[in-house]
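What follows is a protein structure lacking sequence information:
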């Protein structure tokens, strides 16, 4: 008696293994689907994931000397960025030009919160930028 090709390689066992694997995959898919369905039912705690932007309450600008100091710091930073764009040796590349313009736009915007402006100045010019401003004022 000759064996068929499927029997020679254990075709029946192979089909049973595939069928069991397929059934287990179907069960896993069903569990995952149920999980995501339950997840959709839950209240959405992350509103930003759906595109809604939460507007933070704006604080009034600091008064008096703090406002003058802030404006002086911003003016110095913008001046430094403009000087960096004007240099010729080595000339600024496209990325530096783009980033400098972005930083200048943010610093000069009235809608940008003060804390973000200070953080941006610290990020771009380092934590000692206020000392550098004072040193520049003394030399002038």
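Looks like it came in fine. Everything numeric here is computed off the predicted structure, so don't read it as measured data.

Point out where the protein drops to low pLDDT.
Applying pLDDT under 70 to the chain flags the ranges 1-12, 39-64.

Backbone torsions only: list them for residue 35.
Dihedral pair for residue 35: phi -60, psi -50, per degrees, to the nearest 10.

and it, how many neighbours does it have?
For residue 35, the neighbour count with other CB atoms under 10 Å is 10. In this view, the C-beta of every residue, glycine as well, is placed from N, C-alpha and C.

Also residue 130?
By the criterion of other CB under 10 Å, residue 130 has 16 neighbours.

Buried residues, the helix or strand harbouring residue 66. List them.
Element membership for residue 66 (DSSP states H and E) is helix 65-86. By 16 or more other CB atoms under 10 Å, the buried positions in helix 65-86 come out as 70, 73, 74, 76, 77, 78, 80, 81.

Show me which of those residues is closest to residue 138.
residue 76 (13.0 Å; CB to CB).

element containing the nearest residue to the closest one once chain neighbours are set aside, please.
Spatial nearest neighbour of residue 76, chain neighbours left out: residue 133 (4.9 Å); criterion: CB to CB, 6 or more residues apart in numbering. In this assignment (DSSP H and E), residue 133 forms part of helix 129-139.

Which secondary structure elements does that helix sit against?
helix 65-86, helix 114-125 (3 or more CB pairs under 8 Å, 6 or more residues apart in numbering; DSSP states H and E).

Check which helices and strands the first one sits against.
In terms of contacts (3+ CB pairs under 8 Å, 6+ apart), helix 65-86 is packed against helix 94-108, helix 114-125, helix 129-139.

what's the answer for the shortest one, then?
Helices and strands touching helix 114-125, as assessed by 3+ CB pairs under 8 Å, 6+ apart, comprise helix 65-86, helix 94-108, helix 129-139.

and of the helices and strands packed on helix 65-86, who's closest to residue 38?
helix 114-125 (38.2 Å).

so can I have JSON lines of the buried residues of helix 65-86 showing distance to residue 25?
Output for the buried residues of helix 65-86, formatted as JSON lines (distance: CB to CB, whole Å):
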{"residue": "70", "distance to residue 25": "61"}
{"residue": "73", "distance to residue 25": "61"}
{"residue": "74", "distance to residue 25": "60"}
{"residue": "76", "distance to residue 25": "63"}
{"residue": "77", "distance to residue 25": "58"}
{"residue": "78", "distance to residue 25": "60"}
{"residue": "80", "distance to residue 25": "61"}
{"residue": "81", "distance to residue 25": "57"}
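
Thank you, goodbye.
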